[in-house]
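J.: Show me how the following folds:
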Amino acid sequence: MFETSLWHPVALTEHVGSAPLAVVLLAQPLVLWRSTDGVAHALPDRCPHRGAQLSLGQVVNDRLECPYHGWQFDGQGQCRHVPALAQFVSPATHGVKSYRVQEAHGLVWVQLAVGTQDAQLPVFGGASVAGLRMVNCGPYDVATSAPRIVENFLDMAHFGFVHEGWLGTREATDVPDYQVQETPTGLLATGCQAWQPRSNLHSIAPARVEYTYEVTAPYAAVLAKVPDAGSTVVDGWRESIGLFICPLTPESSRVWFRLAVADFETSDEKLQAFQHTIFKQDQPVLESQQPKTLPLDLRAELHTVADKMSSSYRRYLQRSGIVFGVC
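T.: Below you'll find the predicted structure:
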């Protein structure tokens, strides 16, 4: 499955410490922990001896100890100690697979399998976020597929209904034409515009907001937005929002947002609260959609020209060979 060769976020960086942490990725239970050198490790959350859940154990001398019989595994998954046999030296077959781990964007990322080409982490950087302050939001556990969540993130036509009084109004629901193009990592939509009563935490007047959307991986996207001058308390306000999703199962997901904002005074909690308000408006609608997996056959659901980014996203997933979370 192509998805196993991608990098996926599984936890906030600060949530991975010296105690075992249970997570799920692509329906596979994993356990994470951090050794004393600061390196994060990921193993299957199942002891190969009698199948106990390793995340119920503890870390002893940088080794993950099974709660059942005390077998200890290093960061590469090799068994290094069997308490019942003090002199026993475990062979190479006494171990579990270890997974590659990286840390970026305030998150720990895991790759379950190495593909024919080395996959890259979804980007969130460059000129659009240079000099901005970074704040992470989440996680949110959502009872729908990762592609449904990405498609909602790329959609402007729902603003006046789901986010009425915030990102949209029923009196201005028109979606002006915009451009979509393929990129080496996904898709880019430019020329997007929306009329928003309150486009951000510091809005003091309704504004026409310029949006740029980019799909950076099958389950990741970034938007950049700039409101009309004079519509915010902060002069020169601009922001970018990264969407990073861990596909738990084909019909459930864990979601994080990474904010990049031109605001160095407001507390993290206030910035997170605004994003929380917006996503909590999205969540019940997302969880109501049927099927929960995203149909890639464009004949399965109706489309208009206002939906060209989501239609392009479905074609992109099909070209990429994605099968997890789609139908």
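J.: Checking my notes, Asp282 in a helix, right?
T.: Yes - under DSSP: H, G, I helix; E, B strand; the rest coil, Asp282 sits within a helix.
J.: I'd say it and Trp166 touch.
T.: No - using C-beta atoms under 8 Å, Asp282 is not in contact with Trp166, being 11.1 Å away. Just so you know, the C-beta spots here come from the backbone N, C-alpha and C atoms, and that holds for glycine as well.
J.: which stretches of this structure form helices?
T.: With helices called from DSSP state H, the chain shows them at 146-153, 159-162, 268-288, 308-320.
J.: quick one: the longest one to helix 146-153, angle?
T.: This points to helix 268-288. 120 degrees (axes from the mean of the first three to the mean of the last three C-alpha atoms, to 10 degrees).
J.: doesn't Tyr68 make contact with Ala52?
T.: Yes - the criterion here is C-beta under 8 Å, and Ala52 meets it with Tyr68 at 3.9 Å.
J.: just to revisit the earlier point, out of the helices of the chain, which one sits most buried?
T.: Greatest average neighbour count among these goes to helix 146-153 (a mean of 25), per mean count of other C-beta atoms under 10 Å.
J.: which helices and strands does that helix pack with?
T.: On a contact count with 3 or more C-beta pairs under 8 Å, 6 or more residues apart in numbering; DSSP states H and E, helix 146-153 meets strand 220-227, strand 239-249, strand 252-261, helix 268-288, helix 308-320.
J.: If I take the third one and strand 239-249, what angle do their directions form?
T.: Which is strand 252-261. Going by the same axes, to 10 degrees, strand 252-261 makes 170 degrees with strand 239-249.
J.: just the first one next, same as before
T.: Following the same axes, to 10 degrees, one obtains 160 degrees for the angle between strand 220-227 and strand 239-249.
J.: Quick check: neighbours of strand 220-227 in the sheet, parallel or antiparallel?
T.: strand 207-217 (antiparallel), strand 239-249 (antiparallel) (DSSP bridges).
J.: and the first one, which residues are buried?
T.: Buried residues in strand 207-217, counting neighbours by 16 or more other C-beta atoms under 10 Å, are found at Ala207, Val209, Glu210, Tyr211, Thr212, Tyr213, Glu214, Val215, Thr216, Ala217.
J.: how near is the third one to Arg258?
T.: Translated: Glu210. Relative to Arg258, Glu210 is positioned 20 Å away (C-beta to C-beta, to the nearest Å).
J.: do the same with the last one
T.: Shown here: Ala217 relative to Arg258, a distance of 14 Å by C-beta to C-beta.
J.: For stretch 88-106, the averaged confidence score.
T.: Taken as a whole, stretch 88-106 has a mean pLDDT of 92.
J.: Now do it: distance to the chain's middle.
T.: 23 Å (C-alpha atoms, centre = their mean, to the nearest Å).
J.: neighbours around Phe244, how many?
T.: When neighbours are defined as other C-beta atoms under 10 Å, Phe244 has 30 of them.
J.: Oops, could you answer that again for Trp109 instead?
T.: 24.
J.: you'd agree it is up against His8?
T.: Yes - assessed by C-beta under 8 Å, Trp109 is found in contact with His8 at 6.3 Å.
J.: Spatially, what comes nearest to Ser231 if we skip its sequence neighbours?
T.: Ala207 (3.6 Å; C-beta to C-beta, 6 or more residues apart in numbering).
J.: Also Thr232?
T.: His202 (4.4 Å).
J.: Gln275 now?
T.: Cys137 is the one closest to Gln275 (C-beta to C-beta, 6+ apart), at 4.6 Å.
J.: Please list all residues in contact with the residue nearest to the spatial centre of the chain.
T.: By C-alpha atoms, centre = their mean, the chain has its centre lying nearest to Phe244, at 1.8 Å. Phe244 makes contacts with Pro9, His105, Leu107, Pro122, Tyr219, Ala220, Val255, Trp256, Phe257, Arg258, as judged by C-beta atoms under 8 Å, 6 or more residues apart in numbering.
J.: By pLDDT, give me the weakest of the residues you listed.
T.: Out of these, that is Pro122, at 93.
J.: Now that it has come up, it's in contact with Ala217, right?
T.: Yes - using C-beta under 8 Å, Pro122 is in contact with Ala217, at 4.1 Å.
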